[in-house]
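Q: coords please:
(chains A and B)
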2 protein chains.
Amino acid sequence: MPGAHNVADPTHSWIPHMPLLVVGSVALDCVETPTARRDDVLGGSCVFFSYAASFFSPVKMLGTVGEDWPQEHTRFLAARGIDTSGIEVIPGGKTFRWRGRYLPNMNDRETLEVHLNVFGEFKPKLNGSHKEAKFVFLGNSSPTTQLSVLDQVPAAQLTVADTMDLWINIQRDELGELLRRIDGLVLNDSEAKLLAEDENLVRAGHAVRKMGPKFVVIKKGEHGAMFFSEHEMYVMPAYPTPQVLDPTGAGDSFAGGMMGHLASLGRFDPQSLKEALAYGVITASFTVEDFSLDRLASIDRGDLDRRIADYKQMLSF
Amino acid sequence: MPGAHNVADPTHSWIPHMPLLVVGSVALDCVETPTARRDDVLGGSCVFFSYAASFFSPVKMLGTVGEDWPQEHTRFLAARGIDTSGIEVIPGGKTFRWRGRYLPNMNDRETLEVHLNVFGEFKPKLNGSHKEAKFVFLGNSSPTTQLSVLDQVPAAQLTVADTMDLWINIQRDELGELLRRIDGLVLNDSEAKLLAEDENLVRAGHAVRKMGPKFVVIKKGEHGAMFFSEHEMYVMPAYPTPQVLDPTGAGDSFAGGMMGHLASLGRFDPQSLKEALAYGVITASFTVEDFSLDRLASIDRGDLDRRIADYKQMLSF
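A: As a prediction, this is how the structure comes out:
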């Protein structure tokens, strides 16, 4: 297979890769930064997650697009070894579109337009292959939708979800039910503060964990990530890169690197989770160096491993 | 000496402590947070630095106060073993006062009032003992004042300065001269961006280093610190604490922990600098847990070392 050297390192093939499934948005993004702009580029949580995870482990994606979806995007993802059979094309429908603008600090952004289109009616239906997934990531969508996926993967060993302020504000009860059923939650700092109603991130992280999940990861954008479980709490800085062109998808790439690493190991003990967080940080550090998936598409597993080694050295004293 | 067990660990007495001098502000602070308020508490860069450094190494402080200065503050500092003979009391003068208010995120603040008072006329005059200092920290004051101190310590082996946006804006030439003469600069993230005219902190840090100093440390508040030298660049997260009562003095405590550790070792090779940054991070993490010096005054070197060990573990994967 062309490009196969980029996909889940064959030297690790002895490791019991766990089937990894991601459900989430598949989108066309319009991104404005202080210095550049891109229209209709490949995006969406499911897409960034899948591509990031594919460096570590096979991944199956489940999402929905409209008739306007360029089939070349599906081929691009499939060429990575990603199982794209779960991308449903809705006749007469339009693909989810997001338009956003980054502020000069390249960490904060404003959403200019959101058109949910077919994603607004997304009712994930898992096929037999999807249902075999042992590791499942529920990309940001309504808790109701996320719960409907959980109902279809009773044999899953590790379920992790993302969420956003919208659901915290309008579906708090459903989100509460989700939190009691998942193993891990990944959310950003402002969302954690909102959900916990606490401005201190350490207290907020613990408070969210007490709502149900065994662990919580708080993403802090350019400032890294924090991890909370019953017996552990730690913080990892972002890998400092001089080139931040487009942070879109950094959070989903982070989750993809994290879950991909765990799926490649087939376990999620504390040490594996910590390594996974580091892989998430490093994968995201590449994503932000160009628009859409352009930077991730230009690197291989060796680039990730070299940067991980550098990061490890950076944090040793 | 009472309390001597808190001061520069006697088990390290075989290490060639280098005389450490700090020149900077001695202040009375009024601090408002979303939940509490303190008036006229002990503050100032010279004070926070000295107290933080005193966990590691003997330190001499040079500053100026007015007739309103409570002598109990001097006794409190002297009881730590800090050489306070350089605190000059100006007859008829008033002590530097600062009033600030923290926003709910406890990371951003607004300055409500600044009265430089005697600090506005501060012309540091070093005595014989001060001039023997081999390690010198120039707390935030005008580059002109900082240069006048440099002129008086020709035998110093390590000179590090802090600065602020005011001097970047109104004394850029003098600051440029200072940068060419010092070994290290410590400044916060917004100041680094302003000085380098670059929103990316990695590029900004390198750009500031190229202005002269051998190394640059960018303080990022609750997000930690970054280090830049010709051959190294790394980031260290802040130690996550659930209790942030008052961040005032965190930056100066950071510098004090860093310089105190270096002075205790008597060297500043890359590995020592990295350890020193970690000690700076950890010292500052205690400072923010209460107002003024209250938290630092309640801990001993053992508490610092235990948190350092925890921090090291936190960053290992």
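
Q: Which of the helices or strands spans residue A:99?
A: Under the criterion of DSSP states H and E, residue A:99 resides in strand A:96-102.

Q: What is that strand packed up against?
A: Judged by 3 or more C-beta pairs under 8 Å, 6 or more residues apart in numbering or on different chains; DSSP states H and E, the packing partners of strand A:96-102 are strand A:27-32, strand A:109-115. Bear in mind the C-beta positions are built from the backbone N, C-alpha and C, glycine included.

Q: For the longest one, which strands pair with it and how are they oriented?
A: Spelled out, it's strand A:109-115. Here strand A:109-115 is paired, per DSSP bridges, with strand A:96-102 (antiparallel).

Q: Buried residues in the partner strand, which are they?
A: A:96-100, A:102 (16 or more other C-beta atoms under 10 Å in any protein chain shown).

Q: which one of these is nearest chain B?
A: residue A:102 (10.4 Å; C-beta to the nearest C-beta).

Q: I figured the closest one was touching residue A:34, is that so?
A: Yes - between residue A:102 and residue A:34 there is a contact under C-beta atoms under 8 Å: 7.0 Å.

Q: now the strands: where do they sit in the stretch 151-300 of chain A?
A: Under the criterion DSSP state E, counting those that start in this stretch, strands of the stretch 151-300 of chain A are mapped to A:158-162, A:184-188, A:215-219, A:225-229, A:233-236.

Q: Adding distance to chain B and mean neighbour count, write these out as a markdown table.
A: Shown next, in a markdown table, are the strands of the stretch 151-300 of chain A (distance: least, C-beta to the nearest C-beta, whole Å; neighbours: other C-beta atoms under 10 Å in any protein chain shown):
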| stretch | distance to chain B | mean neighbour count |
| --- | --- | --- |
| strand A:158-162 | 18 | 25 |
| strand A:184-188 | 14 | 25 |
| strand A:215-219 | 10 | 25 |
| strand A:225-229 | 6 | 23 |
| strand A:233-236 | 4 | 22 |
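
Q: do you know which of these lies nearest residue A:252?
A: Nearest to residue A:252, of all the strands of the stretch 151-300 of chain A, is strand A:158-162, at 7.5 Å by C-beta to C-beta.

Q: Direction included, what does the closest one pair against?
A: strand A:135-138 (parallel), strand A:184-188 (parallel).

Q: Can you name every helix or strand that the longest helix seen in chain A contacts?
A: Scanning chain A for the helix with the most residues, using DSSP state H, yields helix A:270-287. When contacts are defined as 3+ C-beta pairs under 8 Å, 6+ apart, helix A:270-287 packs onto helix A:45-53, strand A:225-229, strand A:233-236, helix A:250-265, helix A:301-314.

Q: in that helix, what's buried?
A: A:272-287.

Q: Tell me what angle that helix forms with helix A:45-53.
A: With axes from the mean of the first three to the mean of the last three C-alpha atoms, to 10 degrees applied, the angle from helix A:270-287 to helix A:45-53 works out at 110 degrees.

Q: pLDDT of helix A:270-287, averaged?
A: Mean pLDDT, computed over helix A:270-287, is 98.

Q: Could you tell me the angle between it and strand A:215-219?
A: Going by the same axes, to 10 degrees, helix A:270-287 makes 20 degrees with strand A:215-219.

Q: Please compute how far helix A:270-287 lies from its chain's middle.
A: 12 Å (C-alpha atoms, centre = their mean, to the nearest Å).

Q: what's the angle from that helix to helix A:250-265?
A: Using the same axes, to 10 degrees, helix A:270-287 lies at 140 degrees relative to helix A:250-265.

Q: Between helix B:301-314 and helix A:270-287, find me the angle.
A: 70 degrees.

Q: could you dump helix A:270-287 to CSV, C-alpha only?
A: Extracted C-alpha coordinates of helix A:270-287, given in CSV (Å, rounded to 0.1, in the frame of the first residue of the first chain):
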residue,chain,number,x,y,z
PRO,A,270,-1.7,5.1,34.6
GLN,A,271,1.7,4.9,32.9
SER,A,272,0.2,4.2,29.5
LEU,A,273,-2.2,7.1,30.0
LYS,A,274,0.7,9.5,30.8
GLU,A,275,2.6,8.4,27.7
ALA,A,276,-0.6,8.8,25.7
LEU,A,277,-1.0,12.3,26.9
ALA,A,278,2.5,13.1,25.8
TYR,A,279,1.8,11.6,22.4
GLY,A,280,-1.3,13.7,22.2
VAL,A,281,0.6,16.9,23.0
ILE,A,282,3.2,16.1,20.4
THR,A,283,0.7,15.1,17.6
ALA,A,284,-1.2,18.4,18.2
SER,A,285,2.1,20.3,18.1
PHE,A,286,2.5,19.3,14.5
THR,A,287,-1.2,20.0,13.6
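
Q: which parts of the stretch 151-300 of chain A sit against chain B?
A: A:199-203, A:206, A:220, A:222-224, A:226, A:233-238, A:240-244, A:271, A:274-275, A:277-278 (C-beta under 8 Å from any C-beta of the partner chain).

Q: Secondary structure element for residue A:80, which one?
A: Going by DSSP H and E, residue A:80 is not in any helix or strand.

Q: number of nearby residues for it?
A: A count of nearby residues for residue A:80, using other C-beta atoms under 10 Å in any protein chain shown, gives 23.

Q: Now do the residue nearest the centre of chain A against residue A:106, distance only.
A: Taking C-alpha atoms, centre = their mean, the centroid of chain A lies closest to residue A:252, which sits 2.5 Å from it. Separation of residue A:252 from residue A:106 (C-beta to C-beta, to the nearest Å) stands at 17 Å.

Q: pLDDT weak spots in chain A?
A: By pLDDT under 70, the weakly predicted segments of chain A are A:1-16.
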